[in-house]
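Enquirer: Coordinates for the following, if possible.
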Amino acid sequence: MNRFRFVALSACVVLLLSACAGGGSSSSGVAATVNGHDIPTSEVQDATTRYAATDAFNQQAQSSSASAVKRQFEQSWLSRLIRRQVLAPLAAKRGISVTAKDVDERLQKIKAANFKTDAEYKHALAQQGLTEPILKQLIADSVIEKRLHAEVVAPAVPTSKQLKAYYFSHVAQYRQTRASQILVKNQRLALNLSQRLRSLPKKKLAAVFLKLARKYSIDKTSAKQGGDLGFVSSGQFVPEFESAESHLKVGQVSTPVHTQFGFHVIWVTARRTQPYSKVSSTIKSSLSQQEGTVWTSYLQRAFGNADIRVNSTYGHFDIATQQVVNDQAGDVPGTETPSATPTEPAGTPSSGTP
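Expert: Numbers count the residues shown, from 1 in each chain. Sure, this is the predicted structure:
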């Protein structure tokens, strides 16, 4: 079995367990109660026992201690079970569900992407202390959460119509100018160069500008290109340069423009407006920045409104991270803030599938 697959599998376990309140339960047989639903300690203990018998556990224990690794796993696994009990009912209220076919299709993609044989796949499961029924449940959890996430953030995701409306109402942002420059330190030299270039016939301007830029410009990067700066959107140059550039027509050469870098002689060679097809993804990214905030806020409300009671043996439930932690948060590894978006289920070997 390829060691990489075990490493990838272990990484996915950590991702799931990290993606996943106060007051201990009076029953030692109950690990936690969520909205009146009991999570038996046996579910946590059985999972921990299976994991403690694996190579993955032994590898982690080498850099820590067996008791610390067990504690981390118990809290992470219980956090996952609590997460299921909080989010699954909320998804069901929205009509979100997952079928056995959905799970089987996802499982087959995972297996096909990571294992050559069924024996390799089963061996990897055993090495992580998992069984296929448990893996299928974790996949189902992942699918449901992703569908819930998509529905919750849908209002914050701009439609194609909204993206196009934004583009046309901000089209000036997508106009670009192509210019060349000669940058010198001496004002008199800049004035002489400008006067010479401005007096040339159009058909000679390109060749002479290129020659003078290579000879005199102290901006060696653009000088190698004959002074060409390429197509640039507004806001990329210092204000004095941009102001002068914006007042030039295509083909015009400026008088010397003074900036903190020296004196510029600017020649505008072209203008264009970037088409919607080229900038739509950038617009979508900009307008979708609130998506993560919407999902995070939803999770905070969901877990905050839930009646979560954790057996004090395991610690307490921290709503901010949606994790079971020790009484002093941070004492136990693995209590970091979870991802703002749903992750691939634990036990899946880095599938990369949608």
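Enquirer: could you list every residue that touches the closest residue to D228 other than its chain neighbours?
Expert: Once its chain neighbours are removed from consideration, D228 has its nearest residue in S180; the separation is 4.9 Å (CB to CB, 6 or more residues apart in numbering). Quick note: C-beta positions are derived from backbone N, CA and C, even for glycine. Contacts of S180 were listed using CB atoms under 8 Å, 6 or more residues apart in numbering, and they are 209, 213, 222, 225-229, 266-267, 269.
Enquirer: Could you export those residues as JSON lines, including distance to Q162?
Expert: Formatted as JSON lines, the entries for the contacts of S180 read as follows, by distance: CB to CB, whole Å:
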{"residue": "F209", "distance to Q162": "43"}
{"residue": "A213", "distance to Q162": "44"}
{"residue": "S222", "distance to Q162": "38"}
{"residue": "Q225", "distance to Q162": "39"}
{"residue": "G226", "distance to Q162": "42"}
{"residue": "G227", "distance to Q162": "41"}
{"residue": "D228", "distance to Q162": "37"}
{"residue": "L229", "distance to Q162": "33"}
{"residue": "I266", "distance to Q162": "37"}
{"residue": "W267", "distance to Q162": "39"}
{"residue": "T269", "distance to Q162": "35"}
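Enquirer: can you pull the contacts of G235?
Expert: Counted by CB under 8 Å, 6+ apart, G235 has contacts E242.
Enquirer: before we move on, the earlier item: quick one: the residue nearest to D228 from P133, how far?
Expert: Distance of S180 to P133, given as CB to CB, to the nearest Å: 68 Å.
Enquirer: same check, this time on Y216
Expert: In terms of CB to CB, Y216 sits 76 Å off from P133.
Enquirer: Comparing those two, which shows the higher neighbour count?
Expert: Y216 (18 against 8; other CB atoms under 10 Å).
Enquirer: Now do the contacts for the more buried one.
Expert: Under the criterion of CB under 8 Å, 6+ apart, the neighbours of Y216 are 182, 184, 189, 193.
Enquirer: Top of those residues by number of neighbours, please.
Expert: The member of those surrounded by the most neighbours (other CB under 10 Å) is I182, with 30 neighbours in all.
Enquirer: can I assume it sits in a strand?
Expert: Yes: looking at I182 with DSSP: H, G, I helix; E, B strand; the rest coil, it is inside a strand.
Enquirer: what's across from it in the sheet?
Expert: V265 (DSSP bridges).
Enquirer: confidence score at it?
Expert: What the model reports as pLDDT for I182 is 97.
Enquirer: how close does it sit to H247?
Expert: For I182, the distance to H247 equals 18 Å [CB to CB].
Enquirer: Export only the CA atoms of the host helix or strand of Y121, formatted as CSV.
Expert: Under the assignment given by DSSP states H and E, the secondary-structure element containing Y121 is helix 118-127. These are the backbone C-alpha positions of helix 118-127, laid out as CSV (Å, rounded to 0.1, in the frame of the first residue of the first chain):
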residue,chain,number,x,y,z
ASP,A,118,-10.7,-2.9,-3.4
ALA,A,119,-8.2,-4.5,-1.1
GLU,A,120,-6.1,-1.4,-0.9
TYR,A,121,-9.2,0.7,-0.1
LYS,A,122,-10.3,-1.7,2.7
HIS,A,123,-6.7,-1.8,4.1
ALA,A,124,-6.7,2.0,4.2
LEU,A,125,-10.0,2.1,6.1
ALA,A,126,-8.7,-0.3,8.7
GLN,A,127,-5.5,1.7,9.1
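Enquirer: same question for it, mean pLDDT?
Expert: Across helix 118-127, pLDDT averages out at 91.
Enquirer: and it, what does it pack onto?
Expert: Secondary structure elements in contact with helix 118-127, counted by 3 or more CB pairs under 8 Å, 6 or more residues apart in numbering; DSSP states H and E, are helix 3-19, helix 100-114, helix 132-153.
Enquirer: Counting neighbours, which bits of the last one end up buried?
Expert: Yep, that's helix 132-153 we're talking about. 134-136, 138-149, 152-153 (16 or more other CB atoms under 10 Å).
Enquirer: where are the low-confidence patches of the chain?
Expert: Scanning the chain for pLDDT under 70 picks out 1-28, 289, 328-354.
Enquirer: repeat that for 80
Expert: Low-confidence segments of the chain, defined by pLDDT under 80: 1-28, 287-290, 327-354.
Enquirer: if I look at the residue sitting furthest away from the middle of it, how far off is F73?
Expert: Residue farthest from the centre of the chain, counting by CA atoms, centre = their mean, is S199 at 53.7 Å. According to CB to CB, S199 and F73 sit 80 Å apart.
Enquirer: And the helices in the stretch 201-350 of the chain?
Expert: Assigned by DSSP state H, counting those that start in this stretch, the stretch 201-350 of the chain shows helices spanning 202-216, 220-223, 239-246, 276-287, 291-305.
Enquirer: Show me the one of these that comes nearest G95.
Expert: helix 291-305 (16.8 Å; CB to CB).
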